[in-house]
Each structure stands twice: as C-alpha cells, then as structure tokens.
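Peer 1: Fold the following, please.
(one chain, ligands or ions: 1)
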Amino acid sequence: MIYLDNAATTPLHPAAKAAMLPYLDTAFANPSSIYTPARQERKAIDEARQVIAAAIGATPAEIFFTSSGTEADNWAIKGIVEAASGKKHIITSSVEHHGIFTVCEYLATQGYDITYLPVNSDGLISAKDVEAAIRPDTCLITIMLANNEVGTIQPITEISNITQKHKIPFHTDAVQGVGHISVDVDELGVDLLSLSAHKFYGPKGAAALYIRKGTKIAAMFHGGMQERNRRAGTENVMGIVGMAAALKASMEELPAEQKRITALRDKLINEILTSIPHTQLNGINGDKRLPIDARRLPGNVNISFRFIEGESLLLYLDMQNCYASTGSACSSGALDPSHVLMAMGLSHELANGAIRFTLGRENTNEDIDNLMAILQPAVQKLRDLSPLYDDFKNEQK
Ligand code: PLP
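Peer 2: Numbers count the residues shown, from 1 in each chain. As a prediction, this is how the structure comes out:
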C-alpha cells in the first residue's frame, strides 16, 4: 500500500505504542484516586504534560488535555467568547478547518458577528487585513497556523504583534503544524493553541489546548476537578501518554525528517508537474517551479488535474492500494468544492479536480516512484472519458 494521507491521520509511532501498552494491561487505575497505582497514573499524566509543554515552549500548567483537536478548537472559541462578557465580534479566516469554521457559523446563529478574512492565491491571509477588521467589540481572533488542505503556513507572529497591541485574545489551530515544523508559543505570540496527537504519530482521541497563563476562558466541561476544574472527565491516560511519547519522538526526528520529507515533497511536485500536462500546484509557489519556500508544510502536495474529478481519481488510486484525499477528511463525501480552494480563487473545475497527497515519516522515494507509475495512466484514462477534455481537444484543433 502507498499511504499518502498523513494530514488526515498518521500511523502510530513505535515509541507511542510502547508507551501505551501498559495501559491496555495492568495500568488501569483512576488517576484521581489516592492509592499507589493511581498516583502512578497521575505521575504519568504530569510527565506527559511536561513533555508537551516543553515541545511548544509552554509551561506544564498551560497545557489542558482534550479528546480531539476539534474539542480544543471548540473550547478555545466558546470558552473565550463566554468569558468576554458582551463583546460579540470574532475574526477568523476563510480557510479554517471545520473545527473552527462550523463553531463560528454556530455562534453567528447566537448573535455573534463573524469576519472571515480573505486569502490570496497562495492561501495566505494578510496581517494588515486582521488589523483593519478589529472593532471595539472584537473578543477573539482565531487564525490557523498551517492549512490542512494546501499546507500554507500563516504569518502568525506578524498577526500576534497586532493582537497584542489591541489586547485581543489570539488562538491558533496548530493541529497540522505541531510535530512537523517548529512551534513555540512565545515566538508565535499566541494566547491559545490547539494540537492533536493523531497528526504527529500519536493515538486518535488525545489532544490538547495551550492556554497562556492569565487568559480569561470559561470551562469546557463541568464535573470533577480534572484539568484544574476546566475540563472535567476522567483522563484518557493511555492517549495522553501516547501523545507525549509521539511528540517527543517527532521532535527528536524533526530536523532530519523535515529535510527528508521536504525533498520527497519537491520530487513529487516536480514529477507531477513535468510529466502530467494540465496540472497545477495549489498553495504556496502555485505558479512557480522549485524551490518551494518555507511557508508550505513539508509534507503537503495539492495538485489540480484539469478535466477530471478528484473523487474519481481517488477511487482509481484506491483500487491500486494508493491512498490520498481530495481535501479535509472531515468534509470528504461532501460534493461541494473545497471552501479553501474556492477562497484562493480557483474555478469550480480546478477545485473539483484537486488531490491532496500528504507525506509522512513512513514514506520513501520508492512510494513516489510507485505512485507516479499509477498516477500517469490513471489521469490519462479518466481524461479519455472526460467530455471536458473532449471539448478542450476540439478547441485546440
Ligand atoms: N484542525 C485542523 C487544521 C485539522 O487538520 C484537523 C483534523 O483534520 C482538526 C483541527 C481536527 O482535529 P481532530 O481530528 O483531532 O478532531
């Protein structure tokens, strides 16, 4: 199999698996109990909190465990607006993940005013636009660190210079960034940051929200005293321990892996663009050839294949045991073209013909070669069946 959908989820890191195994077996105590095995579970959670804090330049008391990146995103937004008594304006971008987008749409039905900032053709928002959108009643700005579909990395530090000047809480959804590029909450200047284990070779169902000390935020759940009274519910000890082990291993591997995966990405982009006609790279460096600048995630390749449907190409690749995606895993199955590609100004045809290949630590040069051997004939076959391609060829005559 050729797995090229690492932005949807990643395989478990062996270090995470090893750290988690005892929790499927003898280590089952409730970390809130007071006897010895329970205290060991508590200690494991505390150690995991330290590892995760260290990986993003935070203090352990600023890390709050959640069940998913989606929950961290929901909490950041709903918790901040609830604590913001009376202020009802939120600024976000038009390319956010549904974990942000849908919460904003919901809040709009509850009397909140949402500004969705536009992006340019690279998928970048402008810090100037952020500043221009600020109003006296703005209570939250939430802009993702790295886009899940096209891999564009936003100018978060530039934006935080503005949010700090205006004293407005600033959240970033860093689910696609953490473990893949270096992330430091002070360098970024953010007040809240979401991360999710299954995107960096950890287990599904484990994630965290970083909340800068002093940030006013309402609790996510009410119940027991877990997560310092802010997110009640017995902790997912196995998931938390696995997340920390995965992040520790990813951070150790990051310098070498970032280079290796970037080289694989550039090879794949170059081979598709040079060997398959009528293709375009979406995102940073869309109109240019190599080298690609650092504002694109190392593992992201998003290509539009003209005259065909991305979904059809995916199904064809699936039959050859090659797995990719047309965009966000959460919206696949939806027939609407990607809101991200549409916001970047792509036509319906190009947005519908887009495929996202995302590379990870298990991918090799051979995977790229094997993919190319399948991809070229697949695209040709689908184009041969395409009325759009027929029209194009007739126009060329
Ligand atoms: N934010 C971004 C940018 C994502 O890519 C994802 C997952 O695809 C999420 C949030 C949601 O994370 P989770 O799958 O842990 O709910």
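
Peer 1: where does Leu314 land in three-state SS?
Peer 2: Here Leu314 is helix, with the state taken from DSSP: H, G, I helix; E, B strand; the rest coil.

Peer 1: which ones are touching it?
Peer 2: Residues touching Leu314, when contacts are defined by Cβ atoms under 8 Å, 6 or more residues apart in numbering, comprise Ala324, Ser325, Thr326, Ile355. All C-beta atoms are positioned from the backbone trio N, CA, C, and that covers glycine.

Peer 1: residue contacts, the last one?
Peer 2: Counting by Cβ under 8 Å, 6+ apart, Ile355 makes contact with Asn302, Ile303, Ser304, Phe305, Gly310, Leu313, Leu314, Ala324, Ser325, Thr326.

Peer 1: among those, who's most crowded?
Peer 2: Asn302 (30 neighbours; other Cβ atoms under 10 Å).

Peer 1: per-residue pLDDT, it?
Peer 2: On pLDDT, Asn302 comes in at 97.

Peer 1: thinking again about what came up before, what's the closest of the contacts of Leu314 to Leu195?
Peer 2: Relative to Leu195, the closest of these is Ser325; by Cβ to Cβ it sits at 20.6 Å.

Peer 1: Tell me how far that closest one lies from Ser338.
Peer 2: Counting by Cβ to Cβ, to the nearest Å, the separation of Ser325 from Ser338 is 10 Å.

Peer 1: Just give me the neighbour total for the residue lying closest to Gly57 once chain neighbours are set aside.
Peer 2: Of all residues beyond its chain neighbours, the one nearest Gly57 is Asp184 (3.8 Å), with distances taken as Cβ to Cβ, 6 or more residues apart in numbering. Burial measure for Asp184: 13 neighbouring residues, criterion other Cβ under 10 Å.

Peer 1: Quick check: nearest residue in space to the residue of the stretch 1-150 of the chain found nearest the ligand, chain neighbours excluded?
Peer 2: Per Cβ to the nearest ligand atom, the residue of the stretch 1-150 of the chain with the smallest distance to the ligand is Gly69, at 2.6 Å. Closest residue to Gly69 apart from its sequence neighbours, by Cβ to Cβ, 6+ apart: Ser196 at 3.2 Å.

Peer 1: Any idea what that neighbour is bridged to?
Peer 2: Ala207 (DSSP bridges).

Peer 1: Any idea how many residues pack against it?
Peer 2: Counted with other Cβ under 10 Å, Ser196 comes out at 29.

Peer 1: Report pLDDT for it.
Peer 2: The score at Ser196 is 98. That number is its pLDDT.
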